[in-house]
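Engineer: Fold the following.
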Amino acid sequence: MKKYAYIGCLGFIAVITTEFGVIGILPQIAEHYKISIDKAGYLLSAFALVIALTGPFMTLLVSGFDRKKIMLTSIAIFLITGFVSSFSPPFWILMLVRILPAFLQPVYIATALSVAVSNADDDKKNELMSIVFSGVTLAMVTTVPFATWLSSLWSWEYSFMLQTVVSLIALSVIYLMLPSMPVSKKKSYGTQLKILTQPAFILSTAANFFMITAWFSTYSYFADYLNRAKGMDETMISYMLFVFGIVGVFSTWLAGKMLNRNVTKTTAFFLSGTLVIPVLLYFSNGNLLLTIAVIAIWGFMYSPSFLNASTYMISSVPDSLEFANSLATSFGNLGVTLGTTLGGWMIVSKGVAYNPWIGFVFGLLAFLMMILRSFYEKSDRQIIAH
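Structural biologist: Now for the predicted structure:
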């Protein structure tokens, strides 16, 4: 039902605004707390690491609860932590309140996706999932660049104020418009955990992990990269985030249509951006118009990455939607952690201009995992046929 998908999308905007809203303000946070940019990056990587380590367990733990209550509780935690962060507390408290909502982020995503496709025909599920995932790109178009713009006008605390307001709106809509949705039949833990032994799912998980690592080695430091490597100021960077996101809204919608036709080819097409973008960024050099064009292509290829990665993983275990989605979220965020960590190391040791080449290497590894899965499934079908 599209109504449920759009409600899930709104909550996703709040979630993504909280997780990635710091990307555009990391330089300001580093300056405020007198720390290096890679240490400020912990606000993103620690958030992602908690998701990676706890996501599947939290999803299993709450799998028997009313889905509306799960979504309300998750967004309420995001609201409270955003509010506390807006008062610029000591850095250790800022880290703590960044980590708390991370425990429920994969739970929210898995539940919202499950609610969106609960009564849908099989040929419509990927399209409904793309509506929920469009919350990522809508946040990139609206709240994330707006938060960066607000911080450039006043201070970085206004970014967290915006996150609080978005979470409040999402919480109100879920409370007023989503009916109570108790789980009628809870799957056993054993049934859900069984997918961890399937080779196709393991290879898909590795592809997801490498794919997200590739993208976030540079994207996590989007503001720092455009400032140091391309000479843009804070206001220009907020405009670039807007360009990045507005193109991404279209590409996420398009990816949803393409995934309904062929999951593997669609995933491979958008993954190719991890190989193409580093080359284009290098050759755009100091040309402003060319750089803007490359950023638009970057936004187009990057924006459906979480949708593609999740759908690609689920396609190997279509009967385990919620648990597979939580694993996709966890390993995707493990990729965010590794990408952010490697990106921070590269900035300190070599310089931010080299970051896109980390993505190139991990993009190749993701393609390798997809090829191995394809070979495995082909040989498996041949064995069954004989």
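Engineer: C-alpha from now on. contacts and neighbour counts both.
Structural biologist: Will do.
Engineer: where are the low-confidence patches of the chain?
Structural biologist: 1, 122, 184-193, 318-319, 321, 380, 382-386 (pLDDT under 70).
Engineer: Would you check how far apart the residue nearest the centre of it and Phe133 are?
Structural biologist: With distances taken as C-alpha atoms, centre = their mean, the residue of the chain nearest its centroid is Phe306 (5.3 Å). The spacing between Phe306 and Phe133, counted by C-alpha to C-alpha, to the nearest Å, is 8 Å.
Engineer: Quick one: residues contacting the residue lying closest to Ile314 once chain neighbours are set aside.
Structural biologist: Of all residues not flanking Ile314 in the chain, Ala324 sits nearest, at 5.9 Å (C-alpha to C-alpha, 6 or more residues apart in numbering). The contact partners of Ala324, by C-alpha atoms under 8 Å, 6 or more residues apart in numbering, come to 310, 313-314, 317.
Engineer: buried set for the top helix by length along the chain?
Structural biologist: For the chain, the longest helix by residue count, based on DSSP state H, is helix 355-385. By 16 or more other C-alpha atoms under 10 Å, the buried positions in helix 355-385 come out as 355-360, 362-370, 372-374.
Engineer: Also stretch 112-119?
Structural biologist: In stretch 112-119, counting by 16+ other C-alpha under 10 Å, buried: 112-117.
Engineer: try stretch 147-167
Structural biologist: Under the neighbour-count criterion of 16+ other C-alpha under 10 Å, stretch 147-167 has 147-152, 155-164, 166-167 buried.
Engineer: Ala229 against Pro356, yeah?
Structural biologist: No. Counting by C-alpha atoms under 8 Å, Ala229 does not reach Pro356; the two are 11.2 Å apart.
Engineer: ok, back up a step: tell me which entries of the buried residues of stretch 147-167 lie within helices.
Structural biologist: 147-152, 157-164, 166-167.
Engineer: so which of the residues you listed comes closest to Met71?
Structural biologist: The shortest approach to Met71 among those belongs to Ser167, at 11.5 Å (C-alpha to C-alpha).
Engineer: From Thr329, how far out is that closest one?
Structural biologist: Look at Ser167 and Thr329: by C-alpha to C-alpha, they are 20 Å apart.
Engineer: Extract the CA atoms of stretch 8-16 and return them as CSV.
Structural biologist: Extracted in CSV, the C-alpha atoms of stretch 8-16 (Å, rounded to 0.1, in the frame of the first residue of the first chain):
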residue,chain,number,x,y,z
GLY,A,8,7.9,4.9,6.0
CYS,A,9,9.7,7.3,3.6
LEU,A,10,9.0,10.3,5.9
GLY,A,11,10.5,8.4,8.9
PHE,A,12,13.5,7.5,6.7
ILE,A,13,14.1,11.2,6.0
ALA,A,14,14.3,11.7,9.8
VAL,A,15,16.7,8.8,10.2
ILE,A,16,19.0,9.8,7.3
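Engineer: coming back round to it: using PyMOL, define a selection of the buried residues within the contacts of Ala324.
Structural biologist: Buried members of these, defined by 16+ other C-alpha under 10 Å, are picked up in PyMOL with:
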select buried, resi 310+313+314+317
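Engineer: okay, now Val50: neighbour count?
Structural biologist: A count of neighbours around Val50, defined by other C-alpha atoms under 10 Å, yields 21.
Engineer: pretty sure it contacts Pro101?
Structural biologist: No. Using C-alpha under 8 Å, Val50 makes no contact with Pro101, being 9.3 Å away.
Engineer: before we move on, back to that, quick one: residues contacting the residue nearest to the centre of the chain.
Structural biologist: Contacts of Phe306 (C-alpha under 8 Å, 6+ apart): 133, 212, 329, 332.
Engineer: which of those residues has the most neighbours?
Structural biologist: Ranking these using other C-alpha under 10 Å puts Phe133 first, with 32 neighbours.
Engineer: That residue and Met95, how far apart?
Structural biologist: 26 Å.
Engineer: now swap in Leu280 and tell me
Structural biologist: From Leu280 across to Met95, the span is 35 Å (C-alpha to C-alpha).
Engineer: Over to Ala353?
Structural biologist: 27 Å.
Engineer: For Leu288, see how far away Arg98 is.
Structural biologist: Taking C-alpha to C-alpha, one finds Arg98 at 35 Å from Leu288.
Engineer: Between these two, point out the one with more neighbours.
Structural biologist: Neighbour tally, Arg98 and Leu288, criterion other C-alpha under 10 Å: the higher count belongs to Arg98, 23 against 13.
Engineer: Spatially, which residue comes closest to Glu377, not counting chain neighbours?
Structural biologist: Using C-alpha to C-alpha, 6+ apart, the closest residue to Glu377 is Ala200 (7.1 Å).
Engineer: What of Leu327?
Structural biologist: Closest residue in space to Leu327, ignoring its immediate chain neighbours: Pro56 at 5.5 Å, by C-alpha to C-alpha, 6+ apart.
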